[in-house]
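Participant: here's my sequence, what's the structure:
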Amino acid sequence: MLSRDADSLYWLARYVERAENTARVLDVASRLASMPVSYAAGHGNEWESALLTASASELFREAYGEVTPERVIEFLAVSDANPSSIRRCLETARQNARAVRGSLTSEMWDAINGSWLDMRKFKARDFRLEALPTFLNWVKEASLRFDGSAMRTMLRDDAHWFSRLGVYIERADNTARVLDVKYHVLLPREAHVGGAIDYYQWAAILRSVSALVSYQWVYHQNLKPWLVADFLILRGEMPRSLAACYAALSNHLDDLSRAYGTAGPSQKLARQVHARLEQGKIEDIFQGGLHEFLQDFLADNNRLGAAIAEQYLH
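Facilitator: Here you go, the predicted model:
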């Protein structure tokens, strides 16, 4: 496969995943903002946390200045000033899909092209706070349609593997950022971990990644911060966990190495990170500092993305 085609497939998948992740970030913020005052609404940092999770705080302030719910929704959903807004993500994904139209099945093309056409039908009123859940649900469903069509119709060859690498690099980044922002920004300073504010915030975050019921199945107890962190970092059966993402990344990079007859830095780095997650214990992570662990993970994830690009996409 030509490197430019591999690059387009990789970024097509990343931008679709990023659109869904941004919708999930907005979902968390809107849920927290709608809570009763006694359960954390009114603290005003849920919209700032959405920007931080999306790595867009500085860009937002350059374009909009003061943080308000309306401005954050516009910036993350449709703004041209944000190259990672949901609208821009779907637009860029469609451009990449057109570049590799011959490598996609008809179902995949219909899913991404249809999503872009539908996105253009939304009006300003659809991004108001009271109407936001309908739009966010549509974004998540659009991502599921594309991902489902890829999983059900695509040949298991290098085109599929490059596409899945994009999904899991992006997903791992988002899960780590959600956890990091929760622990260091979202919880008000005067609130105690384990208190009512903490409980409702964790519930909103787990619900936003479709993991609240799964958490209860695995742990059979009330929400506890260290168990939520364990679930989203180390539990391989949770599809959005860091461990699950790196199991998939290692497998697909190994698929590429077998197909191309050689391994390289990306395979080595993915195996190293995966091994640390497989052998990790949540007690050790908390003892060393969750923030420090997540920052190190994000740096490793960025290094893996760069290694994949250098090895295959340039």
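Participant: okay, now the unreliable bits of the stretch 51-200 of the chain?
Facilitator: 184-198 (pLDDT under 70).
Participant: show me where it has its helices.
Facilitator: 57-63, 69-77, 86-99, 106-119, 132-153, 158-181, 196-208 (DSSP state H, counting those that start in this stretch).
Participant: got the buried residues for the longest one?
Facilitator: Taking 16 or more other C-beta atoms under 10 Å as the neighbour-count basis, helix 158-181 is seen to contain the buried residues 158-181. Heads up, the C-betas are built off the backbone N, CA and C, glycines and all.
Participant: hang on, the earlier thing: the helices of the stretch 51-200 of the chain: which one's closest to residue 276?
Facilitator: helix 158-181 (13.0 Å; C-beta to C-beta).
Participant: just give me the longest helix of the protein.
Facilitator: If you go by DSSP state H, the chain has its longest helix at helix 3-33.
Participant: tell me what that helix is packed against?
Facilitator: helix 46-53, helix 69-77, helix 86-99, helix 132-153, helix 158-181, helix 196-208 (3 or more C-beta pairs under 8 Å, 6 or more residues apart in numbering; DSSP states H and E).
Participant: okay, the angle between it and helix 106-119?
Facilitator: 50 degrees (axes from the mean of the first three to the mean of the last three C-alpha atoms, to 10 degrees).
Participant: for helix 3-33, which positions count as buried?
Facilitator: Buried residues in helix 3-33 (16+ other C-beta under 10 Å): 5-33.
Participant: now do stretch 222-229
Facilitator: For stretch 222-229, burial by neighbour count (16+ other C-beta under 10 Å) applies to 223-225, 227-229.
Participant: where's the dip in pLDDT among those residues?
Facilitator: Looking at these by pLDDT, the weakest one is residue 225, with 82.
Participant: is it true that it touches residue 201?
Facilitator: No: look at residue 225 against residue 201 with C-beta atoms under 8 Å: they stay out of range, at 9.7 Å.
Participant: now for residue 158: which residues touch it?
Facilitator: 1, 6, 256, 259-260 (C-beta atoms under 8 Å, 6 or more residues apart in numbering).
Participant: ok, of those residues, which one's closest to residue 72?
Facilitator: Distances from residue 72 to the contacts of residue 158, taken by C-beta to C-beta, are shortest for residue 6, at 34.6 Å.
Participant: can you tell me how far that closest one is from residue 183?
Facilitator: 36 Å (C-beta to C-beta, to the nearest Å).
Participant: what's the answer for residue 27, then?
Facilitator: 19 Å.
Participant: let me see the mean pLDDT of the longest helix of the chain.
Facilitator: On average, helix 3-33 scores 93.
Participant: now do stretch 61-74: everything it contacts.
Facilitator: With C-beta under 8 Å, 6+ apart, stretch 61-74 has contacts from 26, 29, 33, 47-48, 50-51, 60, 75, 79, 81-82, 127-129, 132.
Participant: now list the buried members of those residues.
Facilitator: Buried among those (16+ other C-beta under 10 Å): 26, 29, 33, 47-48, 50-51, 60, 75, 79, 82, 127, 132.
Participant: just the closest of those to residue 310, please.
Facilitator: residue 82 (27.1 Å).
Participant: so who does the nearest residue to the closest one once chain neighbours are set aside touch?
Facilitator: For residue 82, ignoring the flanking residues on the chain, the nearest one in space by C-beta to C-beta, 6 or more residues apart in numbering is residue 75 at 5.2 Å. The contact partners of residue 75, by C-beta under 8 Å, 6+ apart, come to 51, 56, 60, 63-64, 81-82, 85.
Participant: from residue 34, how far off is residue 75?
Facilitator: 19 Å.
Participant: swap in residue 236?
Facilitator: Per C-beta to C-beta, residue 236 is found 33 Å from residue 34.
Participant: who's more crowded, the two?
Facilitator: Counted by other C-beta atoms under 10 Å, residue 236 and residue 34 do not tie: residue 236 has more neighbours, with 16 against 13.
Participant: wait, isn't the more buried one in contact with residue 246?
Facilitator: No: using C-beta under 8 Å, residue 236 is not in contact with residue 246, being 9.2 Å away.
Participant: rewinding a little: who wins for most neighbours among the contacts of residue 158?
Facilitator: Greatest neighbour count in these, by other C-beta under 10 Å, goes to residue 6: 25 neighbours.
Participant: helices or strands next to the strand or helix carrying residue 285 in the packing?
Facilitator: Assignment of secondary structure by DSSP states H and E places residue 285 within helix 282-288. Packing partners of helix 282-288 (3+ C-beta pairs under 8 Å, 6+ apart): helix 225-233.
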